[in-house]
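1. curious how this folds, go ahead:
(2 chains)
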Number of protein chains: 2
Amino acid sequence: MPTPAVILLSGGLDSATVLAIARAQGLECHCLTIDYAQRHRAELDAARNVAHSLGAASHKILPIDLRSLGGSALTDDIDVPKDRTGDQIATGIPITYVPARNLVFLAIATGYAEVLGARGIHLGVNAVDYSGYPDCRPGFIQAFEATANLATKAGVEGSKTTIHTPLMHLTKADIIRRGVELNVDYALTLSCYDPDNQARACAHCDACTLRRHGFKAANLPDPTMYQ
Amino acid sequence: MPTPAVILLSGGLDSATVLAIARAQGLECHCLTIDYAQRHRAELDAARNVAHSLGAASHKILPIDLRSLGGSALTDDIDVPKDRTGDQIATGIPITYVPARNLVFLAIATGYAEVLGARGIHLGVNAVDYSGYPDCRPGFIQAFEATANLATKAGVEGSKTTIHTPLMHLTKADIIRRGVELNVDYALTLSCYDPDNQARACAHCDACTLRRHGFKAANLPDPTMYQ
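-> Residues are numbered from 1 along each chain as shown, chains lettered A, B, ... in the order given. The predicted structure is shown next:
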C-alpha cells in the first residue's frame, strides 16, 4: 500500500520540484495549497495544473484570509520590490515576507496529515536564496517538527510526523536540474509575485530574478512566459 | 502607552476569563476569534458580545475552513459525546478533538501579533480538565513559543513573543471564581459543543458537564441558559 504524504504546493517552481521528488519516492501525494488571499492569484491555477501533471493523489485548496491580518506586500496594496540583486534578496527580511506564513501553513498541514494518517509533510523551503526569511531556516523547521509532535494525537500516540525539506541546501540551478531530470514541466509553474492578468511573469521581482538566474546557471532553457 | 496583546477568544468561559485577566493587567486587548467552520456557530456571537462587554480594543473574526480537512465531531457530522464523567473527559483524546487546532490558532495569532507589534499572546488552555488534549499541555505551549520566535521577523530581531496561559493549572471552579471577581458576565459566554438554534446549552456534552460542575464547586449561581 502506498504511503500517504502531504505536499505543501504553492504553484511555484520549488514546490513543484518537491512534489516530483516525493512522487519519485513512490509516495501517495496529497497536495495542500493555501489560498491566503495572495495578490498573485494565478498561483492557485498553477498549483492545480502542477498537481495534475505530476500525478498527485489529491489536491485541496484551503482558504485563509491572511490579508485581513495585514503586514505584507504579498497581501496588501504595497509595491513589490523589483530588480534587486541576489545578494540583496538573500539579506534581511523583505516587505514580501508574510508574517508567520510558513508557521501557519505547516500548522494546517500538520492537521491535514493527522486526518489522512500521513507521517510526512514535504515543503520547498530553501535557505540558500531565502536566508533572510526566518521561516525558511533549518532551525525553524526542526523546532516546528518537535512542536507538531507535541500538538497532535498522532504525535503523542507515537506516530511521529516528519517535515521533509529536500531543497533546503540546494541552489536554484540545482533545484531546476533535479526537476528537469524528473520531468517537471516548469512552464506550468508560476513564481512571480506580480504577474499580469494573463499570468505572465514580471521578470523583475525577487522571485523572477532568482528563477531567471537559476535557469541561466543551470544552462537550461527558461520556459517562463514573461510580460 | 498601553501594551498591545493578542487574546485568542472563543466565546467560551475560559477565554472570556483570560480576556478579563489581561484587561485587569492594563493590556490593550486585540481579540482574535477563529471561525473554523465549527458546528456550534453561536460561539462567534458569544465572542463578539464578550469582547464588547470586557472592553477589548478590537475584535477580529478570521475564517479558516478546518471542516474541509475533516476528522472531528466539532466540524463533521459525528455525534458529540454526552453525559461523560469528569474522569472520562480527562482521559484519552475524545472525538471532539480537532486535529492540530491549537497549533493552527497559535500560528495565526503569532502572525497577527507580529503585525500589531504585540509581544504577548493569551489563551485559555487548561491542563486540568483537558489533560487528554495534547495541545492543551504546558510542554506543547513551551515548544510552540520557542518555534514562534524562530519563525518570525519579530522573533529573530529580538522582540520575543510570549504565550500566556493563565488558566493552565486552575480548576474550573477557580477559573469561575477569578472571572466573577473580575466581573465577567458568564451569561454572555457559550461553552456547549451542541447548542440549539437559540444558542441554549445542551447541559450534557463534555464542555457543559465541566462548566456545570465548575459553578457548583465554586458555589456560585450558573447563569447558563440550558435547553
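2. hey, let's count contacts and neighbours off CA atoms from now on
-> OK.
3. ok, residues contacting the host helix or strand of A:Cys29?
-> Assigned by DSSP states H and E, A:Cys29 belongs to strand A:28-35. For strand A:28-35, the external contacting residues (C-alpha atoms under 8 Å, 6 or more residues apart in numbering or on different chains) are A:2-10, A:19, A:22-23, A:44, A:47, A:51, A:56-65, A:105, A:109.
4. got it, and stretch A:159-168?
-> So stretch A:159-168 is contacted by A:14, A:18, A:110, A:118-128, A:137-138, A:141-142, A:145, A:148-149, A:154-155, A:175 (C-alpha under 8 Å, 6+ apart).
5. ok, the nearest residue to A:Met225 once chain neighbours are set aside - how many residues close by?
-> Excluding the flanking residues, the one nearest A:Met225 by C-alpha to C-alpha, 6 or more residues apart in numbering or on different chains is A:Arg200, at 5.2 Å. Per other C-alpha atoms under 10 Å in any protein chain shown, the neighbour tally for A:Arg200 reads 17.
6. residues touching A:Arg200, list them.
-> Going by C-alpha under 8 Å, 6+ apart, A:Arg200 touches A:224-227.
7. mind checking which of the residues you listed are buried?
-> By neighbour count, with 16 or more other C-alpha atoms under 10 Å in any protein chain shown, the contacts of A:Arg200 hold A:224-225 as buried.
8. most widely separated two among the contacts of A:Arg200?
-> A:Thr224 and A:Gln227 (9.7 Å; C-alpha to C-alpha).
9. any shared contact partners between those two?
-> A:200-201.
10. direction included, what does the strand holding A:Cys29 pair against?
-> According to DSSP bridges, strand A:28-35 has the following sheet partners: strand A:4-8 (parallel), strand A:58-63 (parallel).
11. tell me the mean pLDDT over the longest one?
-> When you say that, I think you mean strand A:58-63. The average pLDDT within strand A:58-63 is 93.
12. any buried residues in it, and which?
-> For strand A:58-63, a neighbour-count test (16+ other C-alpha under 10 Å) marks A:59-62 as buried.
13. in chain A, where is pLDDT below threshold?
-> Counting by pLDDT under 70, the ranges of chain A that qualify are A:39-40, A:71-80, A:89-97, A:131.
14. report the beta-bridge partners for A:Ala201.
-> Taking DSSP bridges as the rule, A:Ala201 bridges to A:Tyr226.
15. which bits of chain A sit near chain B?
-> Applying C-alpha under 8 Å from any C-alpha of the partner chain, we find that chain A lies next to chain B at A:62-65, A:68-71, A:93, A:99-104, A:107-108, A:110-112, A:114-115, A:133-135, A:139-140, A:143-144, A:146-148, A:150-153, A:156.
16. report the buried members of those.
-> Buried members of these, scored by 16+ other C-alpha under 10 Å, are A:62, A:64-65, A:69-71, A:93, A:99-104, A:107-108, A:110-112, A:114-115, A:133-135, A:140, A:143-144, A:146-148, A:150-153.
17. restricted to strands, list those residues.
-> Residues of those located in strands (DSSP state E): A:Leu62.
18. mind putting the strands paired with strand A:28-35 into a markdown table with distance to A:Thr85?
-> Output for the strands paired with strand A:28-35, formatted as a markdown table (distance: least, C-alpha to C-alpha, whole Å):
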| stretch | distance to A:Thr85 |
| --- | --- |
| strand A:4-8 | 27 |
| strand A:58-63 | 33 |
